[in-house]
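**Q** No sequence on hand, only this structure:
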């Protein structure tokens, strides 16, 4: 058993100081308390895993359940009753239910469907860049990084263009909710609105199916039948939510770090074939998902010499695992030519049966967005290179993203 146990509060992981530099804290925890007890405001016993090998094993450990209905009391205390209906999906389930749901969604959300989106994504990127002011400072996040993935995922699902701004706002409300009563009410209202909206949209797709993913999901079947009504609604929400915020923050983080590391940007611009590897390195270096979603121990388990008792919640710090020097050489350096940086080396998209279903789409969006942005505006700079980045402050340390990204595309 470890002799050093340093409890960390959830609030400490959400302070401006921690948000500015979580990696120094994680480096300390990997050494001193790689499986660290936490004191979260919801009161449930929670452990934080920070080392790569432990994190990778935990992501695929069937003893760490993703079925939060199995820990219903904890689940309700953390997220509230209104979340239950929207969380009846593969992210929050174990085998055999997870296997069935994943198989059904995979049969509609195919690699071919994703690959066919490239021309559409290129058109969206081009249109967004056309609307950006070339020679004056502006925030790239609301102008480019956020509208790109919400437009792509809504187009993929078949959400009408006039509803996309509403979807983005509701998704943001769900993501930014906190523990105070006002935030909980806002979250509940947004979740109820999303459930009602997707229920109506699915009913419309059943009556008049189109060439979109939501229509395809209403039609998929296997030997056990298709998705139930609530599974369809919850899956639509999951795809929209996961396909929006995470990719937006990925794009913002990537642009910031490439502009802050001009020698790395120069390498990519001189050899466009490196863009795929660069995307993987950027996800490893500062991905948008800081911690994997909650798991809970269905029995006593041991990681890093620390016993995690049955019923405890487990958080896996992906950002920490991806900077573990036991796995990556010079992990705190951005290196777009990092050797052996295979797509399954980092944990930015997870690992195991819950590996991110939308990873191919996120990769495609990043490749298209970054290529177009730096090809079209090779002199692009941060608006104030001497000012440090302002990172998002969140009630849960799940997302890692910028609060703003002021840039000048074509400085004179």
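**A** Perfect, I can see it now. No experiment lies behind these values; they were computed from the predicted model shown.

**Q** Thought residue 322 was touching residue 22, still the case?
**A** No. With contact defined as Cβ atoms under 8 Å, residue 22 and residue 322 do not form a contacting pair (11.5 Å). C-betas here are computed from N, CA, C, even on glycine.

**Q** Please identify which of the two sits among more neighbours.
**A** For residue 22 versus residue 322, neighbours defined as other Cβ atoms under 10 Å are more numerous around residue 322 (24 against 20).

**Q** Now for the more buried one: which residues touch it?
**A** Contact criterion Cβ atoms under 8 Å, 6 or more residues apart in numbering gives 52, 283-285, 287, 328, 331, 346-348 as the residues in contact with residue 322.

**Q** what do you get for residue 282?
**A** Taking Cβ under 8 Å, 6+ apart as the contact definition, residue 282 lies against 250, 253-254, 257-258, 334, 336, 366.

**Q** which stretch of helix or strand covers residue 103?
**A** Mapping residue 103 onto the secondary structure by DSSP states H and E places it in helix 97-108.

**Q** distance of residue 196 from residue 203?
**A** Here the distance between residue 196 and residue 203 works out to 11 Å (Cβ to Cβ, to the nearest Å).

**Q** can you give me the strands for the protein?
**A** With DSSP state E applied, the chain shows strands at 8-9, 35-39, 46-49, 64-65, 138-139, 295-297, 301-303, 306-308, 313-316, 381-382, 406-408, listed in chain order.

**Q** between the contacts of residue 282, which has the most around it?
**A** residue 250 (27 neighbours).

**Q** wait, doesn't that residue sit right on residue 366?
**A** Yes. With contacts defined as Cβ under 8 Å, residue 250 counts as touching residue 366 at a distance of 6.0 Å.

**Q** Which ones among the contacts of residue 322 lie within helices?
**A** Taking DSSP state H, the ones among those that sit in helices are 52, 283-285.

**Q** Would you mind checking those for buried ones?
**A** Neighbour-count burial (16 or more other Cβ atoms under 10 Å) is assigned, among the ones in helices among the contacts of residue 322, to 52, 283-285.

**Q** Tell me the one of the residues you listed nearest residue 316?
**A** Each of these was checked against residue 316 using Cβ to Cβ; the closest is residue 52, at 10.5 Å.

**Q** For stretch 160-173, give the mean pLDDT please.
**A** Mean pLDDT, stretch 160-173: 86.

**Q** Where do the helices of the stretch 251-400 of the chain begin and end?
**A** With DSSP state H, counting those that start in this stretch as the criterion, the stretch 251-400 of the chain has helices at 262-270, 275-286, 318-321, 359-376.

**Q** Pick the most buried one from these.
**A** Mean neighbour counts were compared across those using mean count of other Cβ atoms under 10 Å; the top stretch is helix 318-321, at a mean of 26.

**Q** which other helices and strands contact it?
**A** In this structure, helix 318-321 makes packing contacts with helix 22-32, helix 52-59, judged by 3 or more Cβ pairs under 8 Å, 6 or more residues apart in numbering; DSSP states H and E.

**Q** centre of the chain versus the longest one, how much separation?
**A** Chain-centre distance of helix 22-32: 22 Å, with Cα atoms, centre = their mean, to the nearest Å.

**Q** Do I have it right that residue 406 meets residue 380?
**A** No. Judged on Cβ under 8 Å, residue 406 makes no contact with residue 380 at a distance of 11.7 Å.

**Q** So for these two, which sits in the more crowded spot?
**A** The neighbour count for residue 406 versus residue 380, taken as other Cβ under 10 Å, is higher for residue 380 (19 against 16).

**Q** residues contacting that one?
**A** The neighbours of residue 380, taking Cβ under 8 Å, 6+ apart as the test, are 259, 373-374, 407-410.

**Q** Switch those residues over to CSV; also include distance to residue 88 and pLDDT.
**A** CSV is the format used below for the contacts of residue 380 (distance: Cβ to Cβ, whole Å; pLDDT from 0 to 100):
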residue, distance to residue 88, pLDDT
259, 41, 98
373, 38, 97
374, 41, 97
407, 40, 98
408, 46, 97
409, 43, 96
410, 48, 90
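
**Q** which among the residues you listed end up buried?
**A** Judged by neighbour count, with 16+ other Cβ under 10 Å as the criterion, the buried members of these are 259, 373-374, 407-409.

**Q** State the pair within the residues you listed that is farthest apart.
**A** The span of those, defined through Cβ to Cβ, is set by 374 and 408 at 13.7 Å.

**Q** nearest residue to the most centrally placed residue in the chain other than its sequence neighbours?
**A** Per Cα atoms, centre = their mean, the C-alpha nearest to the average position across the chain is that of residue 246, at 3.5 Å. In space, residue 246 comes closest to residue 288 once its chain neighbours are excluded; the distance is 4.8 Å by Cβ to Cβ, 6 or more residues apart in numbering.
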